[in-house]
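1. Build me a model from this:
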Amino acid sequence: MQRRGFLALGGLAAGGALLPPLLSGRAVAAEQLLGTIDPVARKRLADAALQAATDAGASYCDVRIGRYLRQSLMTREALVLNVANEESVGVGVRVIAGDAWGFAATSRLDPDAVAAAARQAVAIARANARIQSAPVRLAPAPGVGEVSWRTPIAKNGMAVPIRDKLDLLLSVNAAALEAGASFVNSRMFLINEQKYFASTDGSYIDQDVHRIWVPFTVTAIDKATGKFRTRDGLSAPMGLGYEYLDADPAQRFELPGGVVAYGRSYDMRADAIAAARQARDKLKAPSVKPGKYDLVIDPSNLFLTIHENVGHPLELDRVLGYEANYAGTSFATLDKRGTFRWGSGIVNFIADKTEPGSLGAVGYDDEGVQCKRWDLVRDGVLVDYQSIRDQAHILGKERSDGCCYADSWSSVQFQRMPNVSLAPGKAPLTVQDMIGGVENGLYIHGRGSYSIDQQRYNAQFGGQLFFAIRNGQVQGLVEDGAYQIRTPEFWNDCSAICDERDFRLGGSFFDGKGQPSQVSAVSHGSATARFDGQNVINTARSLG
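-> Predicted coordinates:
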């Protein structure tokens with residue numbers, strides 16, 4: 001069953017009144033979304049592949065039996081644009097034979113087909129061995145026997161009726177329109193990865209992974225001039241269930257400038273109302289004056305800078321030049337490890353595949369390695385990278401860092417970024433206190449457009465909201481801003497980080513890498529941070 005859409009209402013242009021008859025089959029779809037592959041059958045399939053690969057001469061084999069479920073809903077104003085569910089089920093087999101990798105996959109869930117795929121993988125490995133310059137060196141991953149891991153959710157989003165989800169999105173749209181929006185679109189994405197891993201090391205690992213994202217965009221138009229401004233939602237995609245949308249008041253952050261941020265629970269309707277008002281305020285906001293500013297950057301913006309200019313350049317395959325798709329290799333070459341000053345002394349970056357509620361949280365990676373937390377930058381100095389089993393020896397490590405991932409049973413697993421976060425400050429510091437020390441600055445929220453160079457050294461980032469700061473006070477909004485950075489200079493200019501009370505996650509729900517392309521989901525946490533003397537450009541003037 002390869003990427004079979006069992007419910008697709010594509011291009012639907014109907015109001016809420018038409019939904020009941022069109023969605024009368026949702027109970028059947030929900031039942032399919034909640035099913036699983038029989039555990040006994042999975043182990044039988046895995047053992048068939050392991051035995052066939054070993055009999056064919058493989059020195060190592062791992063098997064991934066996956067069921068990947070994806071649901072998306074899209075609306076605009078009072079219209080439902082699309083509802084779609086996708087299911088993809090199959091088996092991927094990876095082997096080492098002749099000291100080289102081989103991989104094959106099948107969508108047939110029977111022992112003969114899986115065994116045939118294993119033998120094909122061995123044949124591919126032997127063909128690769130003829131041209132491979134060095135043998136695969138696989139770091140040990142001791143077998144863990146039969147174990148399981150589940151995203152700790154309170155409410156499975158796949159079990160929530162489609163009608164309820166659409167009612168939520170349409171109510172969000174209505175609230176934004178009532179608050180002054182000219183247009184609004186809202187979406188919901190739910191993912192459930194049911195993954196079963198087995199290997200000749202003696203592991204049988206069952207995992208059930210859930211993620212959710214509810215982005216929206218509000219547009220306000222000045223009809224007299226035709227000028228328009230937008231504001232996207234400030235929420236983060238999360239590794240949580242549908243309880244993320246319960247709007248827990250304890251996860252609401254009241255910030256300077258009248259901005260409300262959210263932690264591990266989200267009030268989508270309230271954010272949409274604020275977005276409509278702020279989009280209208282942006283219509284009247286003056287254009288930013290280019291120059292040097294002290295920047296106070298909220299986690300809803302800073303996560304993307306961390307992602308692009310810390311997470312990606314510390315992927316070991318980019319550092320080694322093995323990977324250059326989606327924006328190149330890395331300036332952070334191996335000779336810099338242990339000596340290169342990445343940032344000021346308060347800058348600490350942590351890689352962590354175990355952070356609760358994060359997009360990247362799993363118990364074991366797709367090589368059967370138990371996930372962990374480790375330092376990348378400590379006290380401003382680069383100390384480590386991200387590695388997988390066949391890379392660990394390059395760094396002198398005895399074990400993989402556990403950050404190998406494939407986005408499907410039919411894709412070969414490879415090195416992917418773990419959650420990478422900026423550690424909060426150790427001394428008590430609120431956002432208001434931080435702003436109080438800024439004479440001439442900007443307070444930035446939300447992800448905007450960006451550009452990066454081929455080695456992750458130079459970059460430029462926009463945002464959703466730019467507030468002027470004058471003499472320690474937040475002023476009104478300014479428009480058309482973007483900050484330019486050189487990675488080490490930017491992080492060395494980090495002069496303050498708020499404490500753990502302000503720590504929040506941002507994230508990328510569809511992070512692309514590789515060729516053929518694969519997507520993964522990864523979170524980046526931080527507290528609000530200050531960067532002194534940064535170069536801010538006016539993007540409207542840059543465009544002429």
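2. correct me, but residue 441 touches residue 297?
-> No: the criterion here is C-beta atoms under 8 Å, and residue 441 misses it with residue 297 at 10.2 Å. Yep, even glycine has a C-beta here, placed from its N, CA and C like the rest.
3. What about residue 62? Give its phi and psi, please.
-> phi -130, psi 150 (degrees, to the nearest 10).
4. and residue 105, what does it touch?
-> Contacts for residue 105 (C-beta atoms under 8 Å, 6 or more residues apart in numbering) come out as 90-93, 117, 409-410.
5. Which members of these occur in helices, if any?
-> The subset of the contacts of residue 105 located in helices under the criterion DSSP state H comprises residue 117.
6. ok, of the contacts of residue 105, which one's closest to residue 135?
-> For the contacts of residue 105, the closest approach to residue 135 (C-beta to C-beta) belongs to residue 93, at 20.1 Å.
7. quick one: that closest one and residue 115 touch, right?
-> No: using C-beta under 8 Å, residue 93 makes no contact with residue 115, being 9.2 Å away.
8. Those two: who's more crowded?
-> Neighbour count, other C-beta atoms under 10 Å: between residue 93 and residue 115, residue 93 has more, with 31 against 22.
9. Okay, that one and residue 194: tell me how far apart.
-> 18 Å (C-beta to C-beta, to the nearest Å).
10. With residue 105 instead?
-> 16 Å.
11. now the nearest residue to residue 188 once chain neighbours are set aside, what's its secondary structure?
-> Distance criterion C-beta to C-beta, 6 or more residues apart in numbering; nearest residue to residue 188, sequence neighbours excluded, is residue 73 at 4.5 Å. Classification of residue 73 using DSSP: H, G, I helix; E, B strand; the rest coil returns strand.
12. contacting residues for residue 73?
-> By C-beta under 8 Å, 6+ apart, the residues touching residue 73 are 80, 82-83, 162, 165-166, 169, 187-188.
13. what is in contact with residue 93 and residue 115 at once?
-> When contacts are counted by C-beta under 8 Å, 6+ apart, residue 93 and residue 115 have residue 49 as shared neighbours.
14. For residue 479, which non-adjacent residue is spatially closest?
-> The shortest distance from residue 479 to any non-neighbouring residue, by C-beta to C-beta, 6+ apart, is to residue 285 (4.6 Å).
15. since we're on that neighbour, how many residues are nearby?
-> 18.
16. Could you do residue 174 as well?
-> The number of residues packed near residue 174 is 17, by other C-beta under 10 Å.
17. With residue 286 instead?
-> 11.
18. got a list of what residue 324 touches?
-> So residue 324 contacts 318, 454 (C-beta under 8 Å, 6+ apart).
19. And it, how far from residue 407?
-> According to C-beta to C-beta, residue 324 and residue 407 sit 19 Å apart.
20. before we move on, back to that, which residues does the residue nearest to residue 188 bridge with?
-> Beta-bridge partners for residue 73, by DSSP bridges, are residue 83, residue 188.
21. Repeat that for residue 485.
-> With DSSP bridges as the rule, residue 485 is bridged to residue 459.
22. Then residue 262?
-> Beta-bridge pairing for residue 262 (DSSP bridges): residue 252.
23. picking that back up, how about the contacts of residue 105 in a markdown table, adding distance to residue 352?
-> A markdown table is the format used below for these (distance: C-beta to C-beta, whole Å):
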| residue | distance to residue 352 |
| --- | --- |
| 90 | 30 |
| 91 | 30 |
| 92 | 26 |
| 93 | 30 |
| 117 | 34 |
| 409 | 26 |
| 410 | 28 |
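24. which of the contacts of residue 105 tops the neighbour count?
-> Counting neighbours by other C-beta under 10 Å, residue 93 comes out on top of the contacts of residue 105 with 31 neighbours.
25. which ones are touching that one?
-> By C-beta under 8 Å, 6+ apart, the contact set of residue 93 is 49, 53, 61-64, 103-105, 114, 117-118, 121.
26. Would you indicate which residues of stretch 511-526 are buried?
-> Neighbour counts using 16 or more other C-beta atoms under 10 Å place 511, 513-514, 518, 520-526 of stretch 511-526 among the buried residues.
27. Equivalent analysis for stretch 89-105, please.
-> By neighbour count on 16+ other C-beta under 10 Å, the buried set for stretch 89-105 is 89-98, 100-105.
28. which among these gets closest to residue 390?
-> Checking the buried residues of stretch 89-105 against residue 390 with C-beta to C-beta, the nearest one is residue 101 at 7.9 Å.
29. do you know how far the closest one is from residue 529?
-> With distances taken as C-beta to C-beta, residue 101 is found 41 Å from residue 529.
30. can you check residue 280 too?
-> Computed as C-beta to C-beta, the residue 280 to residue 529 distance reads 29 Å.
31. Look at the two and report which has more neighbours.
-> Legend: neighbour count by other C-beta under 10 Å for residue 280 and residue 529, higher for residue 529 (26 against 19).
32. is it true that that one touches residue 496?
-> Yes: contact criterion C-beta under 8 Å: residue 529 and residue 496 qualify, at 6.9 Å.
33. Which parts of the stretch 1-150 of the chain are helices?
-> 19-22, 26-34, 39-55, 111-129 (DSSP state H, counting those that start in this stretch).
34. quick one: average pLDDT of the longest one?
-> If I follow you right, that is helix 111-129. Mean pLDDT, helix 111-129: 98.
35. Check which helices and strands that helix sits against.
-> Using 3 or more C-beta pairs under 8 Å, 6 or more residues apart in numbering; DSSP states H and E, the elements in contact with helix 111-129 are helix 39-55, strand 60-76, strand 79-97, strand 100-106.
36. tally of neighbours for residue 147?
-> Residue 147 is flanked by 15 other residues according to other C-beta under 10 Å.
37. now swap in the one 3 residues further on and tell me
-> Burial of residue 150, expressed as a neighbour count using other C-beta under 10 Å, amounts to 12.
38. Neighbours of residue 454, how many?
-> By the criterion of other C-beta under 10 Å, residue 454 has 12 neighbours.
39. For it, which non-adjacent residue is closest in space?
-> Leaving aside its chain neighbours, residue 454 sits nearest to residue 328 (3.3 Å; criterion: C-beta to C-beta, 6+ apart).
40. Which residues are in contact with that neighbour?
-> Residue 328 is in contact with 318, 453-456, counting by C-beta under 8 Å, 6+ apart.
41. what about it, which SS state?
-> coil.
42. and if you look at the one 4 residues further on?
-> When the structure is split into helix, strand and coil by three-state DSSP, residue 332 lands in coil.
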